[in-house]
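Trainee: quick one: sequence and predicted model below, then my questions.
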Amino acid sequence: MEVIESGVTAAKGFLAAGVEAEIKYQNRKDMALIFSTTPCRAAGVFTTNMVKAAPVLWDKKIVESSPGVQAVVVNSGVANACTGRQGMECCEREAAIAGEALGIPAEAVLVASTGVIGVQLPGDRIEKGIRMLAEAKSDSRDAGLEAAKAIMTTDTVHKQIAVKFEIGGRTVTLGGMCKGSGMIHPNMCTMLAFLTTDANISKEMLQKALSRDVKDSFNMISVDGDTSTNDTLLILANGQAQNPEIHEEGEDYEIFCEALHYVTTFLARKMAGDGEGATALIESRVVGAASKEDARILAKSVICSSLTKAAVFGHDANFGRILCALGYSGAVFDPENVDLYFESKSGRLHIFGGGSACQYSEDKATKILSDPEVTILCDMHMGTEEAVAWGCDLSYEYVKINADYRS
C-alpha cells in the first residue's frame with residue numbers, strides 16, 4: 001500500500017471543488033462538492049443521536065434506495081438541524097439544484113451540513129454556491145484540498161489522505177477527507193467524513209466493510225462526550241479501477257478493508273488531535289483484556305474521562321483518574337493486577353502496578369505528558385485482546401470556544 005498526498009480526487013473519475021458562498025463565514029470557503037463522472041455504489045454510517053439533522057435523514061434514504069450516487073454537496077457554518085419540515089425541503093432543493101447543474105438525477109445527490117444548530121440554511125446562497133461548485137469542479141489535487149478546507153468549522157487544520165493498493169492485478173485508489181473538532185464522541189458517527197474509491201465492490205460488501213471498520217476507527221475517538229446531530233460517514237465506489245468485483249469475503253475484500261482502515265484511522269486520529277482547544281493527542285491503548293469488547297470499553301472510558309483529559313493538559317501524572325475511569329467502565333478486571341504506563345517520544349514510564357504507585361520521576365512524567373502526542377497504556381492481564389482509542393486534552397480554550405460558538 002502506498003500513501004499519497006491527496007484526498008477525495010485521488011481515485012479515478014472523482015472531481016471536487018470548494019467555494020465561498022457566505023453561508024455563515026466571510027472570506028473563507030464554506031461549500032464543497034464531490035462528484036463522480038459515473039454512478040457510484042454508496043454506503044454510509046450515521047449518528048445514533050435521536051435528534052437527527054435533515055441531511056442525515058435525506059442521506060439515509062438515498063444510500064438505502066438510490067441505484068447510483070454521483071455527488072455530495074456539503075456546507076459549513078449552518079447545520080440544518082432542528083429545522084423541521086423546512087430543513088427537509090432545503091435538502092430536496094439542494095439535490096434538485098445540484099442534479100440540474102451537474103446533469104444527474106436528484107436521487108443521485110447526497111447532502112451534508114455542519115455548524116450552528118437551529119438555524120435555517122440561506123436558500124439563495126446555497127443555490128448560488130451549488131452552481132459555483134459545478135463550474136469549479138476539477139480532478140486536481142488542489143481541488144480536493146479546497147474541498148477539505150471548505151468543510152471546516154472550528155477545525156484548525158484540514159484533514160485528508162489517500163492510498164493506492166492492488167486488487168486482482170489492478171491499481172485501486174481510496175481517498176478521504178473529514179472535519180471534526182468539537183461535539184465529537186464515539187457512537188457512530190463522530191463527524192463529517194467522505195471517502196471515495198475507484199474499487200469495483202458490491203454495495204453489500206461496501207456497507208459491510210464500512211460498518212465493520214468504524215468500530216475500531218471513528219467510534220474510538222472522543223473530544224468532549226457529545227454525539228452530534230449531523231454525524232455522517234459516506235463512501236462512494238465508482239468501479240473505475242476495473243478490478244474483479246468484490247462480492248464476497250476473501251483476500252480481495254481483506255485487502256480493501258486494510259486500506260479502508262488505514263484511511264479511517266488516519267482521519268480519526270487527525271480529528272482527535274484537533275479537538276477544540278487541544279494541545280495534545282491522547283492515545284488510550286488497552287492490552288491484555290478478557291475480550292475485544294472489554295478492550296474497546298476500557299480504552300474509550302479512559303479517553304472520555306474529563307479528569308484524565310484535564311490531567312494531561314496540566315502535565316500531571318495523576319494515575320488515579322485513569323484507574324477510576326477503568327473502574328466505572330463496566331468491564332470486569334482485577335485492580336490489583338493492572339499496570340499503567342505513560343509513553344511519548346520522550347520515553348516510557350511505569351506509573352502503577354501491583355495495586356500501588358510505582359517509583360518514578362515526576363519530572364520525567366511531566367516531560368512525557370508535555371509532548372504533543374501521549375499514550376496511556378493499560379495492561380489488564382486478563383486475556384489477549386486489545387484496543388486503541390483517541391482523544392485530546394481538555395483546556396481552558398475548549399470552554400472559550402463553546403461559550404460563544406453562536407456569536
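Mentor: That came through fine. Because the structure is a prediction, the values reported are computed rather than measured. Residues are numbered from 1 along each chain as shown.
Trainee: quickly note the distance from the residue in the chain sticking out farthest from the centre to S181.
Mentor: No residue in the chain sits farther from the centre than Q359, which is 38.6 Å out by Cα atoms, centre = their mean. Q359 is 39 Å from S181, where distance means Cβ to Cβ, to the nearest Å. Quick note: C-beta positions are derived from backbone N, CA and C, even for glycine.
Trainee: what is the burial count for E293?
Mentor: Using other Cβ atoms under 10 Å, E293 is surrounded by 13 other residues.
Trainee: next structured bit after the helix or strand where it lies?
Mentor: E293 is located in helix 292-304, with elements delineated by DSSP states H and E. Counting by DSSP H and E, the next helix or strand C-terminal to helix 292-304 is helix 306-313.
Trainee: wait, doesn't S202 sit right on I246?
Mentor: Yes - with contacts counted by Cβ atoms under 8 Å, S202 reaches I246, the gap being 6.6 Å.
Trainee: for E22, see how far away the closest residue in space to S76 that isn't next to it in sequence is.
Mentor: Leaving aside its chain neighbours, S76 sits nearest to D30 (4.8 Å; criterion: Cβ to Cβ, 6 or more residues apart in numbering). D30 is 7 Å from E22, where distance means Cβ to Cβ.
Trainee: next: R131.
Mentor: R131 is 14 Å from E22, by Cβ to Cβ.
Trainee: can you check R93 too?
Mentor: 18 Å.
Trainee: ok, D334 next?
Mentor: Here D334 is placed at a distance of 58 Å from E22 (Cβ to Cβ).
Trainee: neighbours around the closest residue to A289 other than its chain neighbours, how many?
Mentor: Distances taken as Cβ to Cβ, 6+ apart put A295 closest to A289, at 3.7 Å, once the chain neighbours are dropped. Residues near A295, counting by other Cβ under 10 Å, number 27.
Trainee: show the pLDDT at A295.
Mentor: Looking at A295, its pLDDT reads 98.
Trainee: and T227, by the same measure?
Mentor: 68.
Trainee: ditto for N402
Mentor: 75.
Trainee: please state the offset of the helix or strand encompassing it from the chain centre?
Mentor: N402 belongs to helix 396-403 when elements are defined using DSSP H and E. Relative to its chain's centre, helix 396-403 lies at 22 Å (Cα atoms, centre = their mean, to the nearest Å).
Trainee: one more: stretch 170-178?
Mentor: 16 Å.
Trainee: buried set for that stretch?
Mentor: 172-178 (16 or more other Cβ atoms under 10 Å).
Trainee: before we move on, what about stretch 39-50?
Mentor: 39-47, 49.
Trainee: hmm, who's touching it?
Mentor: For stretch 39-50, the external contacting residues (Cβ atoms under 8 Å, 6 or more residues apart in numbering) are 52, 56, 59-60, 62-63, 66-70, 108, 110, 187-189, 201-203, 206-207, 209-211, 214, 218, 227-239.
Trainee: all helices for the stretch 151-300 of the chain, in order.
Mentor: Assigned by DSSP state H, counting those that start in this stretch, the helices in the stretch 151-300 of the chain fall at 203-213, 251-273, 292-304.
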